[in-house]
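> compute the structure for the input listed below.
(one chain, ligands or ions: 1)
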Amino acid sequence: MRTSDSTAHVGAVFTETMPVRRVVAFVSGAELGPALAHLIVSRAEKTLSSGAASFSLGLSGGSLVSLLSKELPAVPNMDCSRWLVGFCDERLVPFDDPESTYGLYKSQLFTKLNIPDDRVVAIDPSLPVQQCAEDYASKLSKALDTQQTPVFDMLLLGMGPDGHTCSLFPDHPLLQILDESRKLCWKSRSPVAPISDSPKPPPQRVTLTLPVVNAARCVVFVSTGGSKATVLKACIKRAQVLEGGDGPVLPAALVAPTHGELFWLVDEPAAASLTLDVERPGPAAKL
Ligand SMILES: O=C(O)[C@H](O)[C@@H](O)[C@H](O)[C@H](O)COP(=O)(O)O
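Numbers count the residues shown, from 1 in each chain. This is a model prediction of the structure:
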């Protein structure tokens, strides 16, 4: 189903059947955090023990930064030397700006893990946004050794209260509705898109596009807090998208890995409006 031509239809990023998807609700972030760290590390170990040269991980900003910075270093005997880290989106600010996702991870997480500097793929924030997107796309393609759609082993995504993910926002021209069948079209061949009018500041960003997100082997959403409850229900149902419902298309609802797994890790306040089968593991859960 993966489309390689220049006008990949988002329809192609949906599988005919739902991807392998698990919705897991934790009592609180204190329980979610260790389970997330274990999921990341266990997938990395599985990937590397299967003979892969590296474990490629895409990071999002927002609350994930503090969560990962707390939980990952707490995992005993971590060897991240063969990890390859990229960013699902990034803000066009200097790395020492408190809004820089790379800058925050570098100071709060990378200093605690043995990830070699040359295995962290960061943007060049000094470039104009279009060139920055092209440059970052080129760096990712080289790091992931592909001329096609870059395939990450794992992407960690957040979701905003408006249903955005990465820096893909509802009703933004990046998500151009192609026709009345609500098929979305990505005219750009690039796996990374520029945005200059992000409704979530700062305004200038670059973001992975949906075909890259949906090409990943495993996508993990982490969404906590009561402010996400309503939009989480809409996104998880996905009915609004598949059945051409009214209202804006929610980017997080468009995430449906073509061949990979999809996890939604949420806390109980965020899960408050969910009615479908939600897993509720006990403490110290291993996913
Ligand atoms: O850099 C960013 O702004 C993030 O990548 C963004 O997509 C984030 O994941 C969501 O806004 C959710 O953020 P919270 O988890 O903090 O709500």
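> what about the closest residue to G163 other than its chain neighbours, neighbour count?
Leaving aside its sequence neighbours, G163 sits nearest to L250 (C-beta to C-beta, 6 or more residues apart in numbering; 3.2 Å). For glycine as for every other residue, the C-beta is placed from the backbone atoms N, C-alpha and C. Counted with other C-beta atoms under 10 Å, residues neighbouring L250 total 27.
> ok, now how distant is L250 from the ligand?
In this view, L250 and the ligand are 13 Å apart by C-beta to the nearest ligand atom, to the nearest Å.
> what does M159 give?
6 Å.
> got it, and L64?
Counting by C-beta to the nearest ligand atom, the gap from L64 to the ligand is 6 Å.
> what segments of the stretch 101-250 of the chain are strands?
According to DSSP state E, counting those that start in this stretch, the stretch 101-250 of the chain carries its strands in the segments 154-157, 176-177, 184-186, 192-195, 205-208, 218-223.
> highest mean neighbour count out of these?
For the strands of the stretch 101-250 of the chain, the largest average neighbour count (mean count of other C-beta atoms under 10 Å) is found in strand 205-208, namely a mean of 28.
> how far is that strand from where the chain is centred?
11 Å (C-alpha atoms, centre = their mean, to the nearest Å).
> any residue of it touching the ligand?
No: using C-beta under 6 Å from any ligand atom, strand 205-208 never reaches the ligand; the gap is at least 7.3 Å.
> pull the residues that contact that strand.
Here strand 205-208 makes contact (C-beta atoms under 8 Å, 6 or more residues apart in numbering) with 58, 88-92, 123, 129, 132-133, 136, 155, 166-168, 174, 191-195, 198.
> pick out the residue of the stretch 151-287 of the chain closest to the ligand.
Proximity to the ligand, evaluated over the stretch 151-287 of the chain using C-beta to the nearest ligand atom, is greatest for G158 at 2.3 Å.
> what sits closest to L39 if chain neighbours are left out?
Closest to L39 by C-beta to C-beta, 6+ apart is L287, at 4.7 Å.
> contacts only, for that neighbour.
Here L287 is in contact with R22, V24, A35, H38, L39, F263, L265, P281 (C-beta under 8 Å, 6+ apart).
> the fifth one: which element?
I take that to be L39. helix 29-49 (DSSP states H and E).
> can you check the first one too?
According to DSSP H and E, R22 maps onto strand 20-26.
> buried set for that strand?
Neighbour-count burial for strand 20-26, counted by 16 or more other C-beta atoms under 10 Å, picks out V23, V24, A25, F26.
> what's the closest of the residues you listed to R82?
Among the buried residues of strand 20-26, V24 lies closest to R82 (C-beta to C-beta), at 27.2 Å.
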